[in-house]
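S.K.: Sharing a model that was predicted from the sequence below.
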Amino acid sequence: MTRLRRQFYDRPTLEVARDLLGQRLVRVLDGHRLSGLIVETEAYVGQEDLASHARFGRTPRSEIMFGPPGHAYVYFTYGMHWMLNFVTEVKGYPAAVLIRALQPMEGVEVMRRRRHHPDHILTNGPAKLAQAMNIDKGLNGCDLCAREAVLFVERAPSVPEAEVVRGPRVGLGETREPWLSKPWNFKIPKRR
DNA sequence: GGATCGATCGGCT
DNA sequence: GCCGATCGATCCG
């Protein structure tokens, strides 16, 4: 399996978010592989994006978003949840893609033990997949493209355009327009 | 299946 | 001091 290289992340964030659909997120935990296909992403683009953590400019938390592409931005929110993002675009421009949902592939037993919930809600939300894969502060800033990385993305078949659904981002509350309605959420609807 | 609400704490205008 | 890129329990229908 070939791993996505830095050039993949060093592109416009909307393209990266779109192209991450169907790719395989891998977390190496205690020597075991946990993985899942990425089925929902969301783009946060630039300092002007009032929904982005970069809206206040460079701060200790947002600093990673201003850094080079291909690194993880992991943050803590709501007093209890961790969220996984991938930094995109050129160093100095703050942007990232939030990984919102996975279709579990490898290590499902481990994920079940970590979640204590039914399989259908194992990894169908950003904080859920972080809990399932043991992603927290310790992975903030890690390089997804490093040889020794324990978190990275492997190339998988790309998703046909007909399967991609675009919509507004989730959970933005009182964020002002036009940012509230930007169709920067990308997903592959559940098959049935 | 949908609406509502509490938990819980770090970051920040 | 306020509020959040959420989750899960609970209450309803």
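M.R.: Right, received. Where do you want to start? Numbers count the residues shown, from 1 in each chain, chains lettered A, B, ... in the order given.

S.K.: Buried residues in the longest strand anywhere in chain A, which are they?
M.R.: For chain A, the strand that runs over the most residues, judged by DSSP state E, is strand A:32-45. Judged by neighbour count (16 or more other CB atoms under 10 Å), strand A:32-45 contains these buried residues: A:Leu34, A:Ser35, A:Gly36, A:Leu37, A:Ile38, A:Val39, A:Glu40, A:Thr41, A:Glu42, A:Ala43, A:Tyr44, A:Val45. No exception for glycine: its C-beta is placed from N, CA and C like everyone else's.

S.K.: any bit of the next helix or strand after that strand sitting next to DNA strand B?
M.R.: As assigned by DSSP states H and E, the chain's next helix or strand after strand A:32-45 is strand A:72-77. Yes - using CB under 7 Å from any atom of the strand, strand A:72-77 comes into contact with DNA strand B via A:Phe76.

S.K.: so A:Met1 sits right up against A:Arg155, yeah?
M.R.: Yes - proximity of A:Met1 to A:Arg155 meets the contact threshold set by CB atoms under 8 Å, at 6.7 Å.

S.K.: Need the residues touching each of the two.
M.R.: A:Arg24 (CB atoms under 8 Å, 6 or more residues apart in numbering).

S.K.: neighbour count winner among those two?
M.R.: A:Arg155 (14 against 9; other CB atoms under 10 Å).

S.K.: ok, that one to A:Gly70 distance?
M.R.: Noted for A:Arg155: a distance of 14 Å to A:Gly70, by CB to CB, to the nearest Å.

S.K.: in chain A, which spans are helices?
M.R.: For chain A, the helices defined by DSSP state H occupy A:6-9, A:13-20, A:108-115, A:126-132.

S.K.: Could you name the helices and strands sitting against the third one?
M.R.: Contacts of helix A:108-115 with other secondary structure elements, assessed using 3 or more CB pairs under 8 Å, 6 or more residues apart in numbering; DSSP states H and E, are made with strand A:32-45, helix A:126-132.

S.K.: Quick check: which of these is nearest to A:Arg100?
M.R.: strand A:32-45 (4.0 Å; CB to CB).

S.K.: which helices and strands does that closest one pack with?
M.R.: Using 3+ CB pairs under 8 Å, 6+ apart: strand A:32-45 touches helix A:13-20, strand A:24-29, strand A:95-106, helix A:108-115, strand A:185-187.
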